[in-house]
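K.L.:
attaching a predicted model along with its sequence, questions to come.
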Amino acid sequence: MKQKAIICNKYDFYINVPLKDESQRKKNDQSYLHFITTRQDLVSAKCNATKWLLEDLNINEQYSVREYFAGVGIQSTLLQNMLNVSKHKVSDIDKNCYNQLKADTRWTSFKLDGHKAILENESYDIKMLDFPHSSIIHLKRGKWSNFLASFISKPKIVCWTDTSMTYSIKVHGTNYSKELNTAQLKNFSEYFQAMSIWLYQNVGYSIQKVAYRGKNAGYVKAIKGKHNLIEKKFEIKDNLDGFILC
Ligand SMILES: C[S@@+](CC[C@H](N)C(=O)[O-])C[C@H]1O[C@@H](n2cnc3c(N)ncnc32)[C@H](O)[C@@H]1O
């Protein structure tokens, strides 16, 4: 029988592939499938954070969606349930993730390297870049391909994941302020505001929302034009209900 989880207390999520024991593998070699079954607390807070990021979208409008780091399809499930999705294409580089994704026919699935796929300049309303790890340094120096290329097709929304918060701002803040050509950054709110200005100067989009998951990830949403940043914290201990394995 398939293993099931409930996302945000209302959406069904199924694990479609057999789970293998990956506990002996090095952390960087473990798949996202392993992560969701061992770090329910982090996945839970991420689900609630992603839901908040998307919940101001118009449910009467149709959106086409492209996810480049689609993992096991948790965000895909949220997008499908929360929005009126007209077309949905997902991809991931990992074979097991691809097998998991392709078992669900609500979207079309591909095994692709996100680096290259981003450059294809596909036309979608929503682009999701759920990077395994990222910061302004990664974005500017092309760690995940040419990040700004995601905006060329003029999507309505680009969401991505920033994990710079894993370290205190004191550790890399000076480097981030150099990259963003700004005064010394005192906290991550200032970091995202500076990133929003940088984004606006480069592509005419700005960051409308950041959802902070505990102390290790910011889920970021950018839309066209200049906007004030709205922030919300999703502490791990208060968000254990976002992903419940049954
Ligand atoms: C944070 S997880 C994505 C989780 C996913 N959004 C979900 O909701 O299930 C990051 C994913 O990026 C994938 N990944 C890592 N490097 C990649 C690359 N170069 N191209 C595409 N996917 C990659 C990993 O396999 C992993 O599944």
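P.N.:
Alright, I've got the coordinates.

K.L.:
okay, now the unreliable bits of the protein?
P.N.:
Residues of the chain that meet the criterion pLDDT under 70 lie in 1.

K.L.:
which parts of it sit against the ligand?
P.N.:
Residues of the chain lying close to the ligand (Cβ under 6 Å from any ligand atom) are 32, 69-75, 92-94, 97, 113-115, 130, 132. In short, each C-beta sits where N, CA and C put it, glycine included.

K.L.:
once you drop chain neighbours, what's closest to whichever residue of the chain sits closest to the ligand?
P.N.:
Nearest to the ligand, among the residues of the chain, is Gly71, at 2.6 Å (Cβ to the nearest ligand atom). If the residues on either side of it in the chain are set aside, Gly71 comes closest to Tyr32, at 4.2 Å by Cβ to Cβ, 6 or more residues apart in numbering.

K.L.:
same check on Ile137?
P.N.:
Glu179 (5.8 Å).

K.L.:
Ile6 now?
P.N.:
In this structure, Ile6 finds its nearest non-sequential neighbour in Ile244, 4.8 Å apart by Cβ to Cβ, 6+ apart.

K.L.:
go on, Gly225?
P.N.:
Gly225 sits nearest to Ser206 (Cβ to Cβ, 6+ apart), 6.7 Å away.

K.L.:
cool, and Lys154?
P.N.:
Lys224 (7.7 Å).

K.L.:
check Val203 too.
P.N.:
Phe151 (4.2 Å).

K.L.:
give me every residue that touches the residue nearest to Gly71.
P.N.:
Residues in contact with Tyr32, defined by Cβ atoms under 8 Å, 6 or more residues apart in numbering, are Gly71, Val72, Asp92, Asp94, Cys97.

K.L.:
the last one and Phe35 touch, don't they?
P.N.:
So that's Cys97. No - look at Cys97 against Phe35 with Cβ atoms under 8 Å: they stay out of range, at 10.6 Å.

K.L.:
picking that back up, the residue nearest to Ile137 - how many residues pack around it?
P.N.:
Counted by other Cβ atoms under 10 Å, the residues lying close to Glu179 total 18.

K.L.:
re the thing from before, surely the residue of the chain closest to the ligand and Asp130 touch.
P.N.:
Yes - between Gly71 and Asp130 there is a contact at 6.6 Å, judged by Cβ under 8 Å.
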